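Undergrad: Provided below for reference: sequence and predicted model.
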Amino acid sequence: MQSYNTRGTCSRQILFDVTEANKVKNVKFIGGCLGNLQAVSRLVDGKDIDEVISTLKGIRCKGNTSCGDQLALALMEYKEKKNNPPEPKKY
């Protein structure tokens, strides 16, 4: 399970999985508007990671971001880390 600490939203954290086939699964928001965020979680479940990013990125709520936008950013960060793993430490 992946974890992302949100910024600028009522929710404070997002937990999620991404399958080997790049499908988003098991999204759970910690904090925030329970009903709306359960709906977002169900709507993105099983969707391709790039589809979720393109659908939710840039949505604004109070301020310059939203819980959906934060999920898109979390997925983008996940992809970046997956595609560019850190170098192993050399001792």
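TA: Structure received.

Undergrad: can you report how many residues neighbour Thr19?
TA: Residues within reach of Thr19, counting by other Cβ atoms under 10 Å, total 12. Yep, even glycine has a C-beta here, placed from its N, CA and C like the rest.

Undergrad: tell me the spatial nearest neighbour of it, not counting adjacent residues.
TA: Nearest non-adjacent residue to Thr19, counting by Cβ to Cβ, 6 or more residues apart in numbering: Lys25, 6.0 Å away.

Undergrad: what segments of this protein are strands?
TA: Per DSSP state E, the chain carries strands over the ranges 2-5, 11-18, 24-31.

Undergrad: can you state the direction angle for the second one and strand 24-31?
TA: Orientation of strand 11-18 against strand 24-31 (axes from the mean of the first three to the mean of the last three Cα atoms, to 10 degrees) gives an angle of 170 degrees.

Undergrad: who does strand 11-18 pair with, and is each partner parallel or antiparallel?
TA: When sheet partners are counted by DSSP bridges, strand 11-18 sits next to strand 2-5 (antiparallel), strand 24-31 (antiparallel).

Undergrad: and the longest one, C-alpha only, in PDB?
TA: The C-alpha coordinates for strand 24-31 follow below in PDB (Å, rounded to 0.1, in the frame of the first residue of the first chain):
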ATOM      1  CA  VAL A  24      -5.600   2.000  -9.200                       C
ATOM      2  CA  LYS A  25      -7.100   0.000  -6.300                       C
ATOM      3  CA  ASN A  26      -8.000   0.400  -2.700                       C
ATOM      4  CA  VAL A  27      -8.000   4.200  -2.500                       C
ATOM      5  CA  LYS A  28      -8.700   5.500   1.000                       C
ATOM      6  CA  PHE A  29      -8.600   9.200   2.100                       C
ATOM      7  CA  ILE A  30      -7.800   9.900   5.700                       C
ATOM      8  CA  GLY A  31      -9.800  12.900   6.800                       C
END
